[in-house]
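# My questions concern the predicted model and sequence given below.
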Amino acid sequence: MGAEDHRQKAGSKPVSVGVVTVSDTRTPESDENRRYIEAQLQVLGHTVAAYRLIKDEPDQVAAVLDELAALPDVRIILFNGGTGISPRDTTYDVVSRMLEKHLPGFGELFRMLSFHEVGPAAMLSRATAGVYHNTMVFSMPGSPNAVQVALDKLILPELNHFAWELVRK
């Protein structure tokens, strides 16, 4: 079977998603990434089953990943923020260490698309994705433009396919 066959088998059922904003400065009221992600998911009939706003602290990142992956209805977790190279950016380090299966293509494609938006600065992103406890996990930068690129061009077009791949036999 090819990718198109897989997409057809995956169908278009609603998928439950967990959203995690990693930021030392944002509040639930100022989290425009959350609003954008929720709106885009809703348009496609998907739901946000959990939302967390955490500081970029390794223990908080690990704890929220464990917490959301343990929720039976969450199939996909979307992290935004903490993927850069500054000393405070630890999300990538924690998430990549915890992933059981890595999908390097997500980060590669994200950086390729970002290059067209921001030029060589795209190299500073450590966007990553993979599987943790049978849950698909994406970790993308926290800039609103980066979230839009990752969501609209990479994640949403394959969301049902990702969820289906996790349970197919």
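Now that the structure is in, tell me what you want to look at.
# Just give me the longest helix of the chain.
helix 104-118 (DSSP state H).
# Who are the packing partners of that helix?
Here helix 104-118 touches strand 128-132, helix 144-149, going by 3 or more Cβ pairs under 8 Å, 6 or more residues apart in numbering; DSSP states H and E. To be clear about C-beta, it is placed using only N, CA and C from the backbone, and glycine gets the same treatment.
# so of the ones you listed, which one's packed in deepest?
Most buried of those, by mean neighbour count (mean count of other Cβ atoms under 10 Å): strand 128-132, with a mean of 21.
# Can you list the strands that it pairs with?
strand 101-102 (antiparallel), strand 135-140 (antiparallel) (DSSP bridges).
# Could the C-alpha coordinates of the longest one be exported in PDB?
What follows is strand 135-140, C-alpha atoms only, in PDB (Å, rounded to 0.1, in the frame of the first residue of the first chain):
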ATOM      1  CA  THR A 135       1.200   8.700  21.200                       C
ATOM      2  CA  MET A 136       2.500  10.900  18.300                       C
ATOM      3  CA  VAL A 137       4.500  13.900  19.600                       C
ATOM      4  CA  PHE A 138       5.500  17.000  17.700                       C
ATOM      5  CA  SER A 139       7.800  19.600  19.100                       C
ATOM      6  CA  MET A 140       8.000  22.900  17.100                       C
END
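# what are the ranges of the strands in this structure?
16-22, 47-54, 76-80, 101-102, 128-132, 135-140 (DSSP state E).
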